[in-house]
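Participant: here are the coordinates; sequence isn't available:
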């Protein structure tokens, strides 16, 4: 599948990818040397561990707020503001070694990290929404491209941070990466398209609650959280598990980037697969669950397998984990977006912002829960037994997805409700005869078993088929193909109809 993008679209994906890469480096930069600096100031492991954990907690809390107000604030403003905030906080974090005293050091660490998390959440929410709006036919592929660069940044961050730390001390890594983010913000100001379309602004839009009430979207959110939890699960306990092999620092560092590297390499492939019209994203999610479950059985290895704890077995498990990460995260985002629009939410920047915020928030929630759970399980039952928790969690996700697919694919009587787009005639007026005629009264609506689409039992079958084929909400219908493209701005044709006809 080739990409036929215009110049603006290519510049958009390049700028956002560079910004994503630099942002990920800043997020992961302090891991190799901040704990040592904190211990010099008299901080305990619990204290500086919370400095890392509070970042994900804040992202989880503020992302839905950004998503709900994305169109009012403007995606471009939120994107640039998030990058500038993250860059500024990175530079300030690099000055913490100048702070004297235990309490001032840890207090400023928390404050800077919290503000940095707010900037990071703003940047991610806006970037996902911009990509969804600018590339409506390649959402999964473009999202996968972003995740590839973000994954590479998480890999490069600790290595680059350690190198710069050895060359210029504590401040140099943060100063270099903060400056890089400032440059990325300037590029995005010039390149990114107009941030907002007045046609999208309305007093009442879709809410996060309306999004999460859709079963398919809620299932995607659970899949995202489970995947993020599996990633952060290893951050706290993999190193103690690997001590038995007495690995050198370089080899130990490479072990930590295996799953992230496989994820970064495989994400574009999963994106291409999810964008293929013949592929259902939820089946890709099932594949991801199988890979992650199998991976953690080998990483442990799980006690009931009776396998020895060997390096090649653990490496194989990490490779499978990386493949599963890519399939679940990419498929869950594109599936949540498609499901939300198919369920009646407007095909607009507001919905894109909500889905982006949901993804960012649930990912952060899993990243916050993962280290906590893994630490408790490691202390109580040991690492091999604790990996069974992730295995069971992803088996549960897989079964939930399969049950959902089975319930949606049961044969049943089906009809589609009428919207303003269905009734719009060529002269711009509404054909109310479809709803009110001499022979047919407005029918009662009942819910079918086919994914919750409403059914009108009283219409003739031929009329039902015509409405189902010609509905404006049916993006593959001849109606949709004849309508003007909605790519150039952050506006939505759905909202224009809603504003004109008051529906």
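Facilitator: Structure's in. What do you need? None of these values were measured; they are calculated from a predicted model.
Participant: and stretch 14-30, which residues are buried?
Facilitator: Buried residues in stretch 14-30, defined by neighbour count with 16 or more other C-beta atoms under 10 Å: 15-30. For the C-beta atoms, the positions are set from N, CA and C on the backbone; glycine is no exception.
Participant: residue nearest the centroid of this structure?
Facilitator: residue 359 (3.7 Å; C-alpha atoms, centre = their mean).
Participant: So that residue is in contact with residue 224, correct?
Facilitator: Yes. Counting by C-beta atoms under 8 Å, residue 359 touches residue 224, with 5.9 Å between them.
Participant: ranges for the strands of the stretch 251-400 of the chain?
Facilitator: Taking DSSP state E, counting those that start in this stretch as the criterion, the stretch 251-400 of the chain carries no strands.
Participant: how about the spatially closest residue to residue 393 that is not a sequence neighbour, what does it touch?
Facilitator: Of all residues not flanking residue 393 in the chain, residue 226 sits nearest, at 5.3 Å (C-beta to C-beta, 6 or more residues apart in numbering). Counting by C-beta atoms under 8 Å, 6 or more residues apart in numbering, residue 226 touches 328, 366, 393-394, 397.
Participant: How many residues are close by residue 376?
Facilitator: Other residues lying near residue 376 total 11 when counted by other C-beta atoms under 10 Å.
Participant: Give me the distance between it and residue 370.
Facilitator: 11 Å (C-beta to C-beta, to the nearest Å).
Participant: One more: residue 269?
Facilitator: As judged by C-beta to C-beta, residue 269 and residue 370 stand 25 Å apart.
Participant: of the two, who's got more company?
Facilitator: More crowded of residue 269 and residue 370, by other C-beta under 10 Å: residue 370, with 25 against 15.
Participant: ok, the residue nearest to the centre of the chain - contacts?
Facilitator: Going by C-beta under 8 Å, 6+ apart, residue 359 touches 128, 221, 224, 332-333, 336.
Participant: if we can go back for a sec, ranking by neighbours, what's the top pick from the contacts of residue 226?
Facilitator: Highest neighbour count within these, by other C-beta under 10 Å: residue 328, with 28 neighbours.
Participant: now that residue, nearest residue through space, not along the chain?
Facilitator: residue 288 (3.4 Å).
Participant: Tell me which helix or strand in this protein has the weakest average pLDDT.
Facilitator: helix 461-470 (a mean of 36; mean pLDDT, DSSP states H and E).
Participant: mind giving me the domain ranges of the chain?
Facilitator: The chain breaks down by automatic domain parsing into domains covering 1-201, 202-409, 420-501.
Participant: Out of those, which gets the lowest mean score?
Facilitator: Lowest mean pLDDT of the domains of the chain: domain 420-501, a mean of 41.
Participant: Pull the contacting residues for the closest residue to residue 303 other than its chain neighbours.
Facilitator: Excluding the flanking residues, the one nearest residue 303 by C-beta to C-beta, 6+ apart is residue 384, at 5.5 Å. Residues near residue 384 by C-beta under 8 Å, 6+ apart: 300-303, 309.
Participant: ok so, going back, would you quantify the distance from the residue nearest to residue 328 to residue 229?
Facilitator: Plainly put, residue 288 is 13 Å away from residue 229 if you go by C-beta to C-beta.
Participant: swap in residue 101?
Facilitator: Separation of residue 101 from residue 229 (C-beta to C-beta): 36 Å.
Participant: These two: which has the busier surroundings?
Facilitator: Taking neighbours as other C-beta under 10 Å, residue 101 and residue 229 compare with residue 229 leading, 25 against 10.
Participant: Name the helix or strand for that one, please.
Facilitator: Counting by DSSP states H and E, the element that carries residue 229 is helix 215-242.
Participant: Looking at the buried residues of stretch 14-30, which is nearest residue 242?
Facilitator: residue 28 (19.1 Å; C-beta to C-beta).
Participant: quick one, what contacts residue 214?
Facilitator: 339-340, 343, 345.
Participant: Could you report the neighbour count for residue 68?
Facilitator: So residue 68, with other C-beta under 10 Å, has 19 neighbours.
Participant: so it touches residue 356, yeah?
Facilitator: No. In this structure, residue 68 is not within contact of residue 356 by C-beta under 8 Å, at 11.3 Å.
Participant: How far away from the center of its chain is stretch 160-172?
Facilitator: 31 Å (C-alpha atoms, centre = their mean, to the nearest Å).
Participant: swap that for stretch 69-80, sorry
Facilitator: On C-alpha atoms, centre = their mean, the centre of stretch 69-80 falls 17 Å from the chain's centre.
Participant: quick revisit: would you mind giving me the ChimeraX syntax to select the buried ones in the contacts of residue 384?
Facilitator: Provided next is the ChimeraX selection string for whichever of the contacts of residue 384 are buried by 16+ other C-beta under 10 Å:
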select :300,301,302
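Participant: With distance to residue 247 as new columns, can the contacts of residue 384 be given to me in JSON lines?
Facilitator: Converted to JSON lines, the contacts of residue 384 look like this (distance: C-beta to C-beta, whole Å):
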{"residue": "300", "distance to residue 247": "18"}
{"residue": "301", "distance to residue 247": "18"}
{"residue": "302", "distance to residue 247": "22"}
{"residue": "303", "distance to residue 247": "23"}
{"residue": "309", "distance to residue 247": "13"}
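Participant: Which of the contacts of residue 384 fall within helices?
Facilitator: Secondary structure assignment by DSSP state H places none of the contacts of residue 384 in helices.
Participant: follow-up on the earlier one: which of the contacts of residue 214 has the most neighbours?
Facilitator: residue 340 (25 neighbours).
Participant: which residues does it contact?
Facilitator: Residue 340 touches 211, 214, 217, 351, 354-355, counting by C-beta under 8 Å, 6+ apart.
Participant: ok, the residues you listed vs residue 262, which is closest?
Facilitator: Nearest to residue 262 out of those is residue 355 (C-beta to C-beta; 25.7 Å).
Participant: Neighbours of the closest one, how many?
Facilitator: Count around residue 355 with other C-beta under 10 Å applied: 32.
Participant: Disregarding residues adjacent in the polypeptide, which is nearest to it?
Facilitator: Nearest to residue 355 is residue 337, by C-beta to C-beta, 6+ apart, at 4.8 Å.
Participant: which ones are touching the nearest residue to residue 138 once chain neighbours are set aside?
Facilitator: Residue nearest to residue 138 in three dimensions, not counting chain neighbours: residue 275, with 5.6 Å by C-beta to C-beta, 6+ apart. By C-beta under 8 Å, 6+ apart, residue 275 lies in contact with 1, 137-141, 334.
Participant: Test my guess that residue 297 contacts residue 314.
Facilitator: No. Counting by C-beta under 8 Å, residue 297 stays clear of residue 314, with 11.2 Å between them.
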